[in-house]
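**Q** here is my input, please return the structure:
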Amino acid sequence: MRTILTFGFIFLYLLVGYIPLGIFWLYGKFVNQEKADLIQLRMIQWVFRILHVLAGIRITVIGEENVPTDEPVLYVANHRSMADIPVAYSRCPGLTGFVAKDVVNKVPGLRAWMKRLHCEFLDRHDIKQGMKVILSCIDKVKRGISIFIFPEGTRNKNSADPTDIGEFKDGSFKIASKTGCKIVPVAITGTNKVFEDHVPFIKSANIIIEYGEPICYKDLDKEDQKHIGAYFQKKIQGMLIEHQNMK
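**A** Purely as a prediction, here's the structure:
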């Protein structure tokens, strides 16, 4: 029943979602674009919270006070599940675009909403396209929009070890080095238990999302700047290990 309700709600929302998209487009064009964007964000966060209830997701949030609310930031997180984005997006205090894999761009209703919410679609196998995405994200941060990335580039499927984390790619951190925005490390535990561990069924799960203290790229020493992916990979892995001590 949980699976039917969750997927049914997603299908229904994507089906009728074009109606509010059209209304927000008109409001943004003729009244106030920034306000329209913020209303859209709050609406999708409300939708995600409904999904949390339907899917039986219980979220423990740690360190949310670390997230700046008056400036754009670069969120960097480990990646375990398709549920990572709904869980993380529901907590964003301001306009935030996620960098998602390009396959999402092929889902019409989902694509329309994500583009409107300043998301970008990345083809991991196209270096030139990847650079365009990074440049677009840099422009967004300069316009006051936060960016959320998963530097592993793909989901980690090692369900046997929840502290395992793939190599963080350095390239996406250019968003911070070129704009000077703060980097917020985010550790997410348990999202794979919602769906990936027992496809095609959705099951209830306890999830932990932790926000570390924001870090400025320029404040790192030269060696950490040179290997910035490894630096944040180690930091987030340490947070994931602490999550296991909480259980």
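**Q** state the next helix or strand along the chain beyond the top helix by length along the chain.
**A** As assigned by DSSP state H, the longest helix anywhere in the chain is helix 33-55. On the C-terminal side of helix 33-55, the closest following helix or strand by DSSP states H and E is strand 57-62.
**Q** which parts of that following strand are buried?
**A** Within strand 57-62, the residues that qualify as buried by neighbour count (16 or more other CB atoms under 10 Å) are I57, I59, I62. Glycine gets a C-beta too; all of them are placed from N, C-alpha and C.
**Q** next: stretch 193-210.
**A** Buried-residue list, stretch 193-210, by 16+ other CB under 10 Å: K193, V194, F195, D197, I202, A205, I207, I208, I209, E210.
**Q** and what of stretch 45-55?
**A** Under 16+ other CB under 10 Å, the buried positions of stretch 45-55 are V47, F48, L51, H52, L54, A55.
**Q** and these as CSV, adding pLDDT and distance to G94?
**A** Formatted as CSV, the buried residues of stretch 45-55 follow (pLDDT from 0 to 100; distance: CB to CB, whole Å):
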residue, pLDDT, distance to G94
V47, 95, 18
F48, 96, 16
L51, 96, 21
H52, 97, 20
L54, 96, 26
A55, 96, 25
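**Q** G144: which of those is nearest?
**A** Using CB to CB, F48 is the member of the buried residues of stretch 45-55 that sits closest to G144, with 22.2 Å.
**Q** ok, the closest one - contacts?
**A** The contact partners of F48, taken as CB atoms under 8 Å, 6 or more residues apart in numbering, are P86, V87, Y89, S90.
**Q** filter these down to the buried ones.
**A** The neighbour count (16+ other CB under 10 Å) marks P86, V87, Y89, S90 as buried among the contacts of F48.
**Q** mind putting these in CSV, pLDDT and secondary structure included?
**A** Rendered in CSV, the data for the buried ones among the contacts of F48 read as follows (pLDDT from 0 to 100; DSSP: H, G, I helix; E, B strand; the rest coil):
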residue, pLDDT, secondary structure
P86, 94, helix
V87, 96, helix
Y89, 96, helix
S90, 95, coil
